[in-house]
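Asker: With the sequence up front, the predicted model follows.
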Amino acid sequence: GQQLNQSPQSMFIQEGEDVSMNCTSSSIFNTWLWYKQDPGEGPVLLIALYKAGELTSNGRLTAQFGITRKDSFLNISASIPSDVGIYFCAAPQNFGNEKLTFGTGTRLTIIP
Amino acid sequence: NAGVTQTPKFRVLKTGQSMTLLCAQDMNHEYMYWYRQDPGMGLRLIHYSVGEGTTAKGEVPDGYNVSRLKKQNFLLGLESAAPSQTSVYFCASGYGNIQYFGAGTRLSVL
């Protein structure tokens, strides 16, 4: 089946730093999604991307749909303590789009 | 607006016991899903439903059964729990690609 590879697996940064993470696949997708999971909670949708090359922002978060349609990127600017959590990329498994494949996640930790 | 509600939040079972996890959504979504989350493995789809009265298998369906008798509810059953089913279980509902998740059920099987 389709596999989404997220990098890095974990990040340890200081408050105020910018963060970059990515998600790659050998398959082509028509949608990329980014979710965030706070500790002890379920994932919450941050950004949805529907077009190759698309750049979309949500506050300090910016995500891009890779031009090859095989990757996506998420950047967080000026990190704050509430950014701590696990970030997942996701993409539809099939043409009908009712099933998603999730990446293995990037765990973000902020060092005091 | 409660969104997606999962019960219970925590459960400990002995090997061989059975249990049912309940998921309820109040957003009138057609699609509902059950995932399990294990360390380092992300979210894996167990079963899903595209409407009332329908169910389908996901990536890891073995050892689980589901039912969708009402549009707003999606039940996940474990008939004979095994230690390999120790995990955090998430329910989601949605439309198209967009899915909304519950807070999870942490299950331990001893």
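Answerer: Thanks, I have it. Residues are numbered from 1 along each chain as shown, chains lettered A, B, ... in the order given.

Asker: Leaving out sequence neighbours, find the closest residue to the residue in chain A positioned nearest to chain B.
Answerer: Chain B sits closest to A:Gly42 of chain A, with a gap of 3.2 Å, by CB to the nearest CB. C-beta: built from backbone N, CA, C; applies to glycine. The shortest distance from A:Gly42 to any non-neighbouring residue, by CB to CB, 6 or more residues apart in numbering or on different chains, is to B:Phe101 (3.2 Å).

Asker: Contact partners for the one you found?
Answerer: B:Phe101 makes contacts with A:42-44, B:4, B:90-92, as judged by CB atoms under 8 Å, 6 or more residues apart in numbering or on different chains.

Asker: And those, which two are furthest apart?
Answerer: Maximum pairwise distance among the contacts of B:Phe101 (CB to CB): 14.2 Å, between A:Val44 and B:Cys91.

Asker: So between those two, which is more surrounded?
Answerer: B:Cys91 (30 against 12; other CB atoms under 10 Å in any protein chain shown).

Asker: Surely A:Thr24 and A:Trp32 touch.
Answerer: No. Checked against CB atoms under 8 Å, the pair A:Thr24 and A:Trp32 is beyond contact range at 10.8 Å.

Asker: ok, the two, which is more surrounded?
Answerer: A:Trp32 (31 against 17).

Asker: Now the phi/psi pair for A:Pro81, please.
Answerer: Dihedral pair for A:Pro81: phi -50, psi -30, per degrees, to the nearest 10.

Asker: Quick one: residues contacting it.
Answerer: A:15, A:110.

Asker: Give me every residue in chain B lying close to chain A.
Answerer: B:4, B:31, B:33, B:40-45, B:48, B:50, B:58-59, B:90, B:92, B:96-104 (CB under 8 Å from any CB of the partner chain).
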